[in-house]
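Participant: sequence and predicted structure, then a few things I'm wondering about:
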Amino acid sequence: QVQLVESGGGLVQAGGSLRLSCAASGRTFTSDAMGWFRQTPGKEREFVAAISWSSGHTVYADSVKGRFTISRDNAKNTVYLQMNSLKPEDTAVYYCAAGVGRMAAWRSYGYWGQGTQVTVSS
């Protein structure tokens, strides 16, 4: 089992920044990929970014490239999502996930956090 706890969401104006954190505990060695997804009511969960614990390899959705940065601190078992130049369309509940395989596919992830709300006002 892997437990994930997100933090750092909130309300920010367009153009602002937020940093999300995801603290992982438990059998984290079973899940090399750590991903961030987001979801708004009535829409499917959308891939945002992912990183490999072992290699540091990163993958980003086109919609956030150049604005968001995913990073990890292996000593703290924590993954971060730095979000800059935020837009109203970034408003969503953001979920942290742990898994293996294709990093951009939600089906690769077997463990999910509870989610944290990010609201960007125009």
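Facilitator: Perfect, I can see it now. Numbering: from 1, shown residues only.
Participant: now do the contacts for the closest residue to S122 other than its chain neighbours.
Facilitator: In this structure, S122 finds its nearest non-sequential neighbour in P88, 4.7 Å apart by Cβ to Cβ, 6 or more residues apart in numbering. (Each C-beta comes from the backbone N, C-alpha and C, glycine too.) P88 makes contact with 14, 120-122 under the criterion Cβ atoms under 8 Å, 6 or more residues apart in numbering.
Participant: the helix or strand harbouring R38 - contacts with which helices or strands?
Facilitator: Using DSSP states H and E, R38 falls within strand 33-39. If you count contacts as 3 or more Cβ pairs under 8 Å, 6 or more residues apart in numbering; DSSP states H and E, strand 33-39 packs onto strand 18-26, strand 46-52, strand 68-73, strand 78-83, strand 92-99, strand 109-112.
Participant: excluding chain neighbours, what is closest to T40?
Facilitator: Counting by Cβ to Cβ, 6+ apart, the nearest residue to T40 once its immediate chain neighbours are dropped is A92, at 4.8 Å.
Participant: could you check the pLDDT of that neighbour?
Facilitator: The model reports A92 with a pLDDT of 98.
Participant: who does the residue nearest the centre of the chain bridge with?
Facilitator: Closest residue to the average C-alpha location of the chain: W36 at 2.2 Å, with Cα atoms, centre = their mean. Under DSSP bridges, the beta-bridge partners of W36 are A49, C96.
Participant: redo the helices and strands packed on strand 33-39 as JSON lines? Include mean neighbour count and distance to T58.
Facilitator: Formatted as JSON lines, the helices and strands packed on strand 33-39 follow (neighbours: other Cβ atoms under 10 Å; distance: least, Cβ to Cβ, whole Å):
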{"stretch": "strand 18-26", "mean neighbour count": "18", "distance to T58": "14"}
{"stretch": "strand 46-52", "mean neighbour count": "21", "distance to T58": "5"}
{"stretch": "strand 68-73", "mean neighbour count": "17", "distance to T58": "6"}
{"stretch": "strand 78-83", "mean neighbour count": "22", "distance to T58": "11"}
{"stretch": "strand 92-99", "mean neighbour count": "23", "distance to T58": "15"}
{"stretch": "strand 109-112", "mean neighbour count": "19", "distance to T58": "16"}
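Participant: understood, closing this out.
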